[in-house]
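Novice: Generate coordinates for the sequence data below:
(chains A, B, C and D)
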2 protein chains.
Amino acid sequence: MEKRIYHHKDLKNELIEKGIELVSESGLNQLSLRKVAQACNVSHAAPYSHFKNKEELFEAMQLFITEQFSNMLEEVIAVYKDQPNFLLEFGKAYIRFFMEKPQYFTFLFQHGKNILINLDIRDGNEKNYKPFVIYKEQILNMLAHSDMSLDQKEDWMIALFGYIHGLASLATMENVHYTMGWENKLEDLISIFTVDF
Amino acid sequence: MEKRIYHHKDLKNELIEKGIELVSESGLNQLSLRKVAQACNVSHAAPYSHFKNKEELFEAMQLFITEQFSNMLEEVIAVYKDQPNFLLEFGKAYIRFFMEKPQYFTFLFQHGKNILINLDIRDGNEKNYKPFVIYKEQILNMLAHSDMSLDQKEDWMIALFGYIHGLASLATMENVHYTMGWENKLEDLISIFTVDF
DNA sequence: GCATAAAACTTGACAATGTAAAGATTATGC
DNA sequence: GCATAATCTTTACATTGTCAAGTTTTATGC
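Specialist: As a prediction, this is how the structure comes out:
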């Protein structure tokens, strides 16, 4: 049993990262504050110096993943912005992210106090989660030359996102079975709904 | 403090029902075996006569809800089977069920060892969850006169379901915001993807 | 530098929970 | 009626979240 160092000098972040590791390995249900503390080699009450309670640590973990997710999406967006295959690539990236880490899907969207998805077409984007600011913008661009009403445009915005999100949800559910794996189908599936306007 | 009856003679079902009540009221996180036992006015270890552990009670609760869901869907299906608006009504029913009980959505689809959704077009439906047997059948009927390949038909089957499921997922997330409520948009949204073949 | 305060961590305690074991009570088959 | 099984209670214990008090390290003012 190695000697403990009193001051970690970055315990807060280590708790978050080890916490996420544990979730990835054994799922959210198996996670406890004390296990995270133990994984960081500190006493069971140490986390309370950095987080008000368990819920706050979990939210910090969510925020951390949320940022990974956000960064990933923004990279994809940077490449395919204003291109005709934007939606396809956006959707593929969105779904693949959760296919690689299925645990993250429920983790992000279940409690999800940190993610705010504002698809209100008339509303600003002050508190909106970054990638969706761009998503909204891109969809509106795609629909710019159509003669739809604002409400109809919003419907399409929701529909397209709902579809992608729904596929991600299916792809991360273990009890949904198909002939082939998702990886083969992904492109075809998204293309189905990728209409020309 | 009223006297306890020793034999409830249907404690098993009462545990399931009270458990679901408690989930509906305060969410899954707030639920404990002991609280359910207390709600049934039995000792905290009584549930162990009927369930191996907490997880088994939860699975029984899931199964119970799953059956409600299934029955509801089958009623709708019975009415709209083979009609052109089948998909629309199926989708509306699917989404509304979870709009009324948002807690059920994650409850059913998170662990979900009891629901088996088999959308494999070549595979039989032995263990498939009942409503999806009919769903598959109906979609295949709709696509009967098209010149699609089997794989393409399966893609559409997944896509249509994924879309409905995705909308349900969005509709039950508290952090998704729109100008109007879902109830107004529902029909329009589903119609977007309800193509004629 | 040094006293003092603040921050980071430990220890010990407590209540709530899941679960197991052993005992009490009721039902059931013969 | 009696043995046995099923159902429930009681007791006990390990795990967990949380708090309070104490300890150790770091920061701050002089």
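
Novice: Could you list the domains of chain A?
Specialist: Following automatic domain parsing, one gets these domains for chain A: A:7-51, A:61-192.

Novice: Check the gap between residue A:151 and DNA strand D for me.
Specialist: For residue A:151, the distance to DNA strand D equals 43 Å [CB to the nearest atom of the strand, to the nearest Å]. Every C-beta, even on glycine, is put in place using the N, C-alpha and C of the backbone.

Novice: quick one, what contacts that residue?
Specialist: Going by CB atoms under 8 Å, 6 or more residues apart in numbering or on different chains, residue A:151 touches A:121, B:179.

Novice: Next, it: secondary structure please.
Specialist: Secondary structure, DSSP: H, G, I helix; E, B strand; the rest coil: residue A:151 is helix.

Novice: before we move on, back to that, can the domains of chain A go into JSON lines with extra columns for distance to DNA strand C and mean pLDDT?
Specialist: Below are the domains of chain A laid out as JSON lines (distance: least, CB to the nearest atom of the strand, whole Å; pLDDT from 0 to 100):
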{"stretch": "domain A:7-51", "distance to DNA strand C": "3", "mean pLDDT": "93"}
{"stretch": "domain A:61-192", "distance to DNA strand C": "17", "mean pLDDT": "90"}
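
Novice: Those domains: which one's closest to residue B:31?
Specialist: With CB to CB as the criterion, residue B:31 lies closest to domain A:7-51 of these, at 12.6 Å.

Novice: does the closest one come close to chain B?
Specialist: No - Domain A:7-51 lies out of reach of chain B by CB under 8 Å from any CB of the partner chain, never closer than 8.7 Å.

Novice: Then stretch A:129-143?
Specialist: No - on the criterion CB under 8 Å from any CB, stretch A:129-143 is out of touch with chain B, staying 8.8 Å away.

Novice: how about that stretch as PDB, C-alpha atoms only?
Specialist: Taking Å, rounded to 0.1, in the frame of the first residue of the first chain, the C-alpha atoms of stretch A:129-143 are listed here in PDB:
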ATOM      1  CA  TYR A 129     -25.500  23.800 -26.500                       C
ATOM      2  CA  LYS A 130     -22.900  24.900 -29.000                       C
ATOM      3  CA  PRO A 131     -23.200  22.300 -31.700                       C
ATOM      4  CA  PHE A 132     -26.900  22.900 -32.000                       C
ATOM      5  CA  VAL A 133     -26.400  26.500 -32.700                       C
ATOM      6  CA  ILE A 134     -24.600  25.500 -35.800                       C
ATOM      7  CA  TYR A 135     -27.000  22.700 -36.500                       C
ATOM      8  CA  LYS A 136     -30.000  25.100 -36.500                       C
ATOM      9  CA  GLU A 137     -28.100  27.500 -38.700                       C
ATOM     10  CA  GLN A 138     -27.200  24.800 -41.200                       C
ATOM     11  CA  ILE A 139     -30.700  23.500 -41.400                       C
ATOM     12  CA  LEU A 140     -32.000  27.000 -41.900                       C
ATOM     13  CA  ASN A 141     -29.500  27.500 -44.700                       C
ATOM     14  CA  MET A 142     -30.600  24.300 -46.300                       C
ATOM     15  CA  LEU A 143     -34.200  25.500 -46.200                       C
END
